[in-house]
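K.L.:
need coordinates for the below:
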Amino acid sequence: MYNVGLGASMTKEIEAVYEQGLIRPLQPLELPEGARLDVIVITHEQPRTNGNTAEVLAEIAALPLEGSSNAFAGRDHDSLLYPENRVE
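P.N.:
Numbers count the residues shown, from 1 in each chain. A predicted model of the protein is given here:
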């Protein structure tokens, strides 16, 4: 929320980039010079840059289809949620 004059306040969500210790908005803000702001920071997950597409796909392919130690399996999903013998 920021003060835009005469006691009025306005809330606006914007995107910004943090560079060299400063938060830089990605679009212009219509604010008077020196306006004080309250800032809430929500970070975005950075895209993974290490590895090429083939390496990432190989990592995905190496993941187990089902957990070996877990009694629940994805194949049991529907039978647990929608049992055939319903008690009403």
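K.L.:
quickly note the distance from residue 63 to residue 74.
P.N.:
Counting by CB to CB, to the nearest Å, the gap between residue 63 and residue 74 amounts to 13 Å. For every residue, glycine as well, the C-beta is placed using N, CA and C.
K.L.:
one more: residue 59?
P.N.:
In terms of CB to CB, residue 59 sits 20 Å off from residue 74.
K.L.:
would you map the helices across the chain?
P.N.:
53-61, 77-81 (DSSP state H).
K.L.:
and these, which one averages the lowest pLDDT?
P.N.:
Mean pLDDT per stretch puts helix 77-81 lowest among those, at a mean of 79.
K.L.:
with mean neighbour count added, can I get the helices of the chain in TSV?
P.N.:
Shown next, in TSV, are the helices of the chain (neighbours: other CB atoms under 10 Å):
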stretch	mean neighbour count
helix 53-61	9
helix 77-81	9
